[in-house]
Each structure stands twice: as C-alpha cells, then as structure tokens.
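A.B. asks: Can you look at this prediction? I've put the sequence above it.
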Amino acid sequence: MTVYVDDMYLYPMGALGRMKMSHMVADTTQELVAMAALIGVQPKWIQRAGTAREHFDIAQSKREIALANGAVAVTLRQCSAMCARRRVEGALGRPEEAQAWHSLYLAQCEVTE
C-alpha cells in the first residue's frame, strides 16, 4: 500500500493563484486520509471521496512533507494513468507500468469501437 504525489505543480494547470498544487492519491482511502492527517491536510478537503477518482489537491509545501513521510513521487502522466487504471481495474497499479498500461488500454478501446 502506497501514497503517491504527482508533479502537477510544474505545469500551468497546477497553479491556484500563487500556490503550486499536486494531486495526492493512494491505494486505499484509509491510507490517503492518514497521510492527509499526518501532513496537516483536513480530511474534509478530500475530492471525489469514495470513488475511483478520490484524491487530495495539496500545496507544494505539503507535497514535500508527504514525501518526507514516505509518499512516492510520480509524474502527472503516471498519476493520470494510474487513476484511469483504478477506474477500470479497481487498483492504481505500479507507477512504472502506468503509462504502458494506459497506452495498451486505449489501443484496445480503439479496436473494439
């Protein structure tokens, strides 16, 4: 079980005013909420709770704290592909496999259409 934080803060879409934001996702809700509490993010700020799209948007400062407490850094593309996999298969999978899985999944969708 792992908590992941992406690098959305590197892109324009990661800007919220002057703040730089990242997504934080995890294999389970319990892990995600526990990490949020550990880094000082209120559980009520969870987004899309109870769904395959469940995550927190966290400031760059909170991202650094999460990494210092064992979260794994992933790219925005990896995070996106992992979340797509969770919607399809029910689990995030491993970051190093995420983009390959997503490419294969999209290719299979094209074949069936």
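C.D. replies: Thanks, I have it.
A.B. asks: ok, longest strand in the chain?
C.D. replies: As assigned by DSSP state E, the longest strand anywhere in the chain is strand 19-26.
A.B. asks: so what strands line up beside that one?
C.D. replies: strand 3-5 (antiparallel), strand 15-16 (antiparallel), strand 56-59 (antiparallel) (DSSP bridges).
A.B. asks: Next, the buried residues of the following helix or strand past it.
C.D. replies: Downstream of strand 19-26, the first helix or strand assigned by DSSP states H and E is helix 29-39. Residues of helix 29-39 classed as buried by neighbour count (16 or more other C-beta atoms under 10 Å): 32, 33, 35, 36, 39. For every residue, glycine as well, the C-beta is placed using N, CA and C.
A.B. asks: Output these as TSV; include the columns distance to residue 64.
C.D. replies: Shown next, in TSV, are the buried residues of helix 29-39 (distance: C-beta to C-beta, whole Å):
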residue	distance to residue 64
32	18
33	19
35	13
36	15
39	9
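A.B. asks: Chain neighbours aside, what residue packs nearest to residue 57?
C.D. replies: Nearest-residue entry for residue 57: residue 21, 5.0 Å, with adjacent residues in sequence omitted and distances by C-beta to C-beta, 6 or more residues apart in numbering.
A.B. asks: which residues touch that neighbour?
C.D. replies: Applying C-beta atoms under 8 Å, 6 or more residues apart in numbering to residue 21 gives the contacts 8, 9, 14, 15, 57, 58, 59, 60.
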